[in-house]
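> Next input, structure requested:
(one chain, ligands or ions: 1)
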Amino acid sequence: MRHPIINRSGKALWLWILASTMQIENVTAATLEVTIQKYQFTPAQISVQAGDTVRWVNREKRQYHSVWFEASGEPEPPYFFPDEWYEKTFNDKGTFPYRCGPHPEMTGVVEVK
Ligand SMILES: [Cu+2]
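Numbers count the residues shown, from 1 in each chain. Below you'll find the predicted structure:
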């Protein structure tokens, strides 16, 4: 990102680059974690900002799961196994319910503000 630029206004340019970089970091999207354990999503409801990513981490001993936004018309993603995770980035605002494919009683909601 940072290139050494040598000219008469070199110092001002450096400061400008630094300020720009800091501004970008301020709006950097976050990754939030949802744990899957004992056939439950925790937290079951999560609020994120548009652009954020949610990572579902499987903390079971041996059970696989999936995170399926069935109501959005998406195909079911592959199952993932203990110590694996599934990630999804949310760019659109709204309320997005999901479920586990093999276990319909496992449900959760992502609220994007
Ligand atoms: Cu499941």
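> what's across from the closest residue to Glu74 other than its chain neighbours in the sheet?
Leaving aside its sequence neighbours, Glu74 sits nearest to Trp68 (Cβ to Cβ, 6 or more residues apart in numbering; 7.2 Å). (Glycine included, C-beta is placed from N, CA and C.) Counting by DSSP bridges, Trp68 is bridged to Arg99.
> Run through the helices of this structure in chain order.
For the chain, the helices defined by DSSP state H occupy 10-26.
> Could you tell me which residues of it lie near the ion?
65, 100, 103, 106 (Cβ under 5 Å from the ion).
> swap the cut-off to 6 Å and go again
65, 100, 102-103, 106 (Cβ under 6 Å from the ion).
> Greatest separation within these: which pair is it?
Across the residues of the chain next to the ion, the longest distance by Cβ to Cβ is 8.6 Å; it joins Pro102 and Met106.
> hey, what's in contact with both of the two?
Listed as contacting both Pro102 and Met106 by Cβ atoms under 8 Å, 6 or more residues apart in numbering are His65.
> what about these two, which has more around it?
Using other Cβ atoms under 10 Å as the criterion, Pro102 and Met106 rank with Met106 on top: 19 against 14.
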